[in-house]
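> Pasting a predicted model and its sequence here:
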Amino acid sequence: MNSMESEPMTSTARSRALAALAVALAGGVAALSALSAEALAQSKDAGKRIVCWKDKNGKVIGCGDKVPLEYQDSATREMDRSGVTRKTTESAEDAAKRRAQEQEAARLKAEEDKRLAEQRRQDTALLNTYTSVKEIDQKRDRDLQQADIQLGQMKTSLKNTTDRYSEVKARFDAAAKDKKGASAVLKDELSKAAADRQRAEQNVAAKEKEKEAISQRYAEQKKRYMELRGEAPAAGAAPGAPSGAAATAARSAEKAK
């Protein structure tokens with residue numbers, strides 16, 4: 001080893017070495033000039049690492065033997081004296097984003113696995129419950145008939161509560177015209193009649209929605225059953241429409257209201 005190689009590296013030589021590293025990062029190892037290569041070779045720390053750190057935009061802002069404390073969370077690139085990259089690290093911010101993305105992907109996968117498992121369970125139950133599409137239609141019709149009976153009763157109750165409210169309201173209006181006005185008892189009676197009518201209206205609306213849900217549920221079951229059995233829907237048939245018997249029963253219930 002000659003005397004030049006054994007002497008400590010001057011500040012000028014070190015600056016030239018770091019400048020060469022910046023050139024390597026910007027344009028690749030092939031862009032190193034003879035001068036920069038010489039400066040790197042003169043470093044007494046040539047056997048140690050040379051690391052460069054970046055800002056949040058990924059731009060190299062400095063190089064040295066170690067990363068300054070204020071840039072400990074930045075992305076880094078570690079090279080040997082020839083400018084060959086030996087190691088890279090991501091910034092703390094990028095690492096946090098990556099972990100969040102991995103966790104979200106894992107969560108979505110778990111949800112999808114759960115959905116598929118539930119779908120398999122439902123498919124098995126569907127095939128074990130029915131032996132034909134006709135049985136699905138029959139079950140739907142029975143449920144709709146029962147719902148129609150209940151709906152008819154609720155509408156009767158609504159008519160009674162409406163009549164009751166109208167009767168109490170008429171007495172209340174008549175009493176209000178009197179000098180004494182409506183009594184407290186009559187006011188309470190009117191309030192109760194109004195609440196009963198409102199509750200009856202809500203019950204009717206809820207039952208009608210229930211009927212729609214029944215039709216929709218069986219339509220979906222029927223469609224899925226046919227998919228699992230490889231069957232095609234009958235031409236012109238509406239998947240959720242009740243059969244002739246159910247439709248007749250529904251019309252009869254409507255006339256009886």
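Ah, there it is. Everything numeric here is computed off the predicted structure, so don't read it as measured data.

> Isn't residue 133 up against residue 223?
No - using Cβ atoms under 8 Å, residue 133 makes no contact with residue 223, being 9.9 Å away. C-betas here are computed from N, CA, C, even on glycine.

> So if I had to pick from these two, which one is more boxed in?
Taking other Cβ atoms under 10 Å, residue 133 and residue 223 do not tie; residue 133 has more neighbours (19 against 15).

> which element is residue 171 on?
helix 133-177 (DSSP states H and E).

> From the contact counts, what lies against that helix?
helix 184-229, helix 244-256 (3 or more Cβ pairs under 8 Å, 6 or more residues apart in numbering; DSSP states H and E).

> Now do the shortest one, average pLDDT.
Model confidence over helix 244-256, given as mean pLDDT, is 48.

> got it, and stretch 97-106?
Rounded mean pLDDT across stretch 97-106 is 94.

> what residues does it touch?
Applying Cβ atoms under 8 Å, 6 or more residues apart in numbering, the external contacts of stretch 97-106 come out as residue 90.

> What helix or strand is residue 88 located in?
Per DSSP H and E: strand 85-89 holds residue 88.

> thought residue 155 was touching residue 203?
No - the pair residue 155 and residue 203 fails to qualify as a contact (Cβ under 8 Å) at a distance of 9.3 Å.

> any idea how far the residue positioned nearest the centre of the chain lies from residue 101?
For the chain, residue 108 is the residue whose C-alpha lies nearest the centre (Cα atoms, centre = their mean; 8.2 Å). Relative to residue 101, residue 108 is positioned 11 Å away (Cβ to Cβ, to the nearest Å).

> likewise residue 195?
54 Å.

> where does the stretch 101-250 of the chain dip in pLDDT?
Within the stretch 101-250 of the chain, the segments meeting pLDDT under 70 span 233-250.

> sec struct for residue 66, please.
Recorded secondary structure, residue 66: coil (DSSP: H, G, I helix; E, B strand; the rest coil).

> I figured it was touching residue 50, is that so?
No - using Cβ under 8 Å, residue 66 makes no contact with residue 50, being 9.9 Å away.

> The two: which is more packed in?
Here residue 66 and residue 50 are compared on neighbour count by other Cβ under 10 Å; more neighbours surround residue 50, at 25 against 12.

> next one: phi and psi at that one?
When read as degrees, to the nearest 10, the backbone of residue 50 gives phi -130, psi 120.

> related to what we said a few turns ago, list of residues touching the strand holding residue 88?
49, 75-80.

> out of these, which one sits closest to residue 60?
Distance to residue 60, by Cβ to Cβ, is smallest for residue 77 among the contacts of strand 85-89, at 7.5 Å.

> so that closest one touches residue 49, yeah?
No - with contact defined as Cβ under 8 Å, residue 77 does not count as touching residue 49 (10.5 Å).

> Would you mind telling me which of the two has more residues around it?
residue 77 (19 against 14).

> how about the more buried one, secondary structure?
strand.

> Provide a list of residues in contact with it.
Residue 77 makes contact with 25, 51-54, 60, 85, 87-88, according to Cβ under 8 Å, 6+ apart.

> List buried residues within the residues you listed.
Among the contacts of residue 77, those buried by neighbour count (16 or more other Cβ atoms under 10 Å) are 25, 51-54, 60.
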